[in-house]
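Chemist: would you be able to build a 3D model of this:
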Amino acid sequence: MSFRGFQKSVIRAPQQLKSKFNIGEHTKDAIYIDAERRFQELEAETKHLHDESKKYFEAINGMLNHQIEFSKAMTEIYKPISGRMSDPDSLVVHGNIEGIRACEEYEAVVKELQETLAPELEMIDSRVIRPANELLDVIKVIRKTATKRDHKQLDYDRHRATLKKLQEKKDKTAKDEKALWKAENDVEVSTQEFNYFNDLLKDELPKLFKLEREFIQPLFQSFYYMQLNIFYTLHERMQRCDIGYFDLTLDIEEAFQRKRGDIQEQAEKLSIVKFKTSGMKRPPKYGGARPTIEASQPQGLLEAGPSSSTPSVPAATRPWQRQESPENPPPPYTPVLASTSHAPSVTSPKPGSLAAAAAVKSKPKPPPPKPKPAQFQAKKLVETVTALYDYTAQAEGDLTFKAGDVIEIVTRTKNENEWWTGRLNGREGQFPGNYVKVNS
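Modeler: Got it, this is the predicted structure:
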């Protein structure tokens, strides 16, 4: 777009927005609107005709090329594999000689078909694709004229609105009179230009529609007969295709079963085709039950030197003792075996306990007790612990603290080698029980 064209686009932009949202007065020609609608349909269908005829041309060529490549692939499969390291019978030449010969004959037939159909396919290109392409070029020129007509309509409506605004102004100055004179000239020029392009398209588009019908009729007829010739040639040549490797007197499935023989059964006997994965569910990579601090087996810790008179026992085997040295805090995370999970063990109930449970279940529930008066309610004692070592959170939900911090207990167990839950500085989290000392 030139700079002048850009300037015109900027000037027409306000009027274009008004036309789009139906603001103000706009020129409408019912005859041209109908012709424009038909022209849009012609434009879209011509493009569709061009694209589909080109796809048909490429599909026929592609079909023949794929047939040739299929024959080459079968030939490679039929060739012997002797002489290769993976062949146990490398000195014995194995190969389907008859199959290779059949593939070569089939490839020769398809190449002959390709040469025979080349003139017909060339006629599709010259009598269908090229004329459709030429019609598209004509339509592009007409589309430019229609676009120019739309621009002239915008100028015409814009100048008319300016002239009407100046005419309705009561107290006109000398500047307004000059602007009124200029607006009248602009309206006259824009009217002439708009009427020229509008009348031209209204007169010429119906003629184009008539010529289009006359253009499509021989085009479709040519395509129809060329398509018949292509399929007749394919059918006639394949009917004469006599390759001894194929028994055309049998049914398709019957011939397939006979050719295959017991190959499928032999292939299914191979151990490599019977490999199956176990249907067991994989353990989760992350998450699951949290391990306890106490290990189920002693860890390989450092032992005492040879000068020690008594054999040293690893610290992990003595959970009743606590190392008070802040330089060597106990490990908060201890790996455990997969079999030592902390899920509750399920035991088979005794017959007596089942009867007692059934008797208790049959009794009605007692009424809820009345609330205890405030003077009888004892204040809840808050249990606290003191941190013996520094601990930094190693997972989401852990509680970080330093040695000497007083932690409020939320929940804990009797075993100090498990994870407890506490609250420190308004934050609640889990921490190892062997890192703290219970305050009395």
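Chemist: doesn't Ala102 make contact with Ile243?
Modeler: Yes: Ile243 lies in contact with Ala102 (CB atoms under 8 Å); the separation is 5.1 Å. All C-beta atoms are positioned from the backbone trio N, CA, C, and that covers glycine.
Chemist: of those two, who's got more company?
Modeler: Set Ile243 next to Ala102 and count neighbours by other CB atoms under 10 Å: Ala102 wins out with 19 against 14.
Chemist: my guess is the more buried one meets Phe246, correct?
Modeler: Yes: because the distance of 7.0 Å satisfies CB under 8 Å, Ala102 is recorded as touching Phe246.
Chemist: what separation do you get for Asn185 and Gln114?
Modeler: 69 Å (CB to CB, to the nearest Å).
Chemist: then Ala73?
Modeler: Ala73 is 18 Å from Gln114, by CB to CB.
Chemist: over to His26?
Modeler: Counting by CB to CB, the gap from His26 to Gln114 is 59 Å.
Chemist: count the residues that sit near Phe132.
Modeler: Rather than Phe, residue 132 is Ala. The burial count for Ala132: 21, using other CB under 10 Å.
Chemist: comparing Asn185 and Gln114, which residue is more hemmed in?
Modeler: Set side by side, Asn185 and Gln114 give different neighbour counts by other CB under 10 Å, the larger being at Gln114 (17 against 12).
Chemist: once you drop chain neighbours, what's closest to that one?
Modeler: Of all residues not flanking Gln114 in the chain, Leu64 sits nearest, at 4.8 Å (CB to CB, 6 or more residues apart in numbering).
Chemist: give me the pLDDT value at that neighbour.
Modeler: Note on Leu64: pLDDT of 90.
Chemist: also Glu76?
Modeler: 84.
Chemist: same check, this time on the one 5 residues further on
Modeler: Ile81 is assigned a pLDDT of 57 by the prediction.
Chemist: with Gln264 instead?
Modeler: For Gln264, the model assigns a pLDDT of 85.
Chemist: tell me how many other residues crowd it.
Modeler: 10.
Chemist: where does it fall, secondary structure wise?
Modeler: If you go by DSSP states H and E, Gln264 is part of helix 263-268.
Chemist: tell me the buried residues in that helix?
Modeler: Neighbour counts over helix 263-268 (16 or more other CB atoms under 10 Å) mark no residue as buried.
Chemist: got the CA positions of that helix in CSV?
Modeler: Only the C-alpha atoms of helix 263-268 are listed here, as CSV (Å, rounded to 0.1, in the frame of the first residue of the first chain):
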residue,chain,number,x,y,z
ILE,A,263,2.8,-69.5,9.8
GLN,A,264,0.7,-67.8,12.4
GLU,A,265,0.8,-70.8,14.7
GLN,A,266,4.6,-71.0,14.3
ALA,A,267,5.0,-67.3,15.1
GLU,A,268,2.8,-67.6,18.2
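Chemist: packing partners of it?
Modeler: Contact partners of helix 263-268 among helices and strands, from 3 or more CB pairs under 8 Å, 6 or more residues apart in numbering; DSSP states H and E: none.
Chemist: which parts of stretch 406-426 are buried?
Modeler: So for stretch 406-426, counting by 16+ other CB under 10 Å, buried means Ile407, Ile409, Arg412, Glu416, Asn417, Glu418, Trp419, Trp420, Gly422, Leu424.
Chemist: am I right that the fifth one sits in a helix?
Modeler: Yep, that's Asn417 we're talking about. No: with DSSP: H, G, I helix; E, B strand; the rest coil as the criterion, Asn417 is coil rather than part of a helix.
Chemist: how close does it get to Asp390?
Modeler: Asn417 is 19 Å from Asp390, by CB to CB.
Chemist: any idea how far Pro432 is from Thr421?
Modeler: With CB to CB as the criterion, Thr421 and Pro432 are 12 Å apart.
Chemist: same question for Val110.
Modeler: 78 Å.
Chemist: so those two - more neighbours on which side?
Modeler: Each of Val110 and Pro432 has its neighbours counted (other CB under 10 Å); Pro432 has more, 24 against 20.
Chemist: what's the pLDDT at that one?
Modeler: 92.
Chemist: likewise the one 3 residues further on?
Modeler: Note for Tyr435: predicted pLDDT of 93.
Chemist: sketch out the low-pLDDT regions of this protein for me.
Modeler: For the chain, the stretches with pLDDT under 70 are 1-6, 8, 15-16, 19-22, 24, 80-95, 274-366, 369-380.
Chemist: need the next SSE after the longest helix belonging to it, C-terminal direction.
Modeler: Longest helix in the chain, counting residues (DSSP state H): helix 174-239. For helix 174-239, the following helix or strand on the C-terminal side (DSSP H and E) is helix 252-260.
Chemist: alpha carbons of that next one, in PDB - could you do that?
Modeler: What follows is helix 252-260, C-alpha atoms only, in PDB (Å, rounded to 0.1, in the frame of the first residue of the first chain):
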ATOM      1  CA  ILE A 252     -10.100 -63.700  -1.200                       C
ATOM      2  CA  GLU A 253     -10.200 -65.100   2.300                       C
ATOM      3  CA  GLU A 254      -9.700 -68.600   1.200                       C
ATOM      4  CA  ALA A 255      -6.700 -67.700  -0.900                       C
ATOM      5  CA  PHE A 256      -5.300 -65.800   2.000                       C
ATOM      6  CA  GLN A 257      -5.700 -68.700   4.400                       C
ATOM      7  CA  ARG A 258      -4.100 -71.100   1.900                       C
ATOM      8  CA  LYS A 259      -1.100 -68.900   1.400                       C
ATOM      9  CA  ARG A 260      -0.600 -68.300   5.100                       C
END
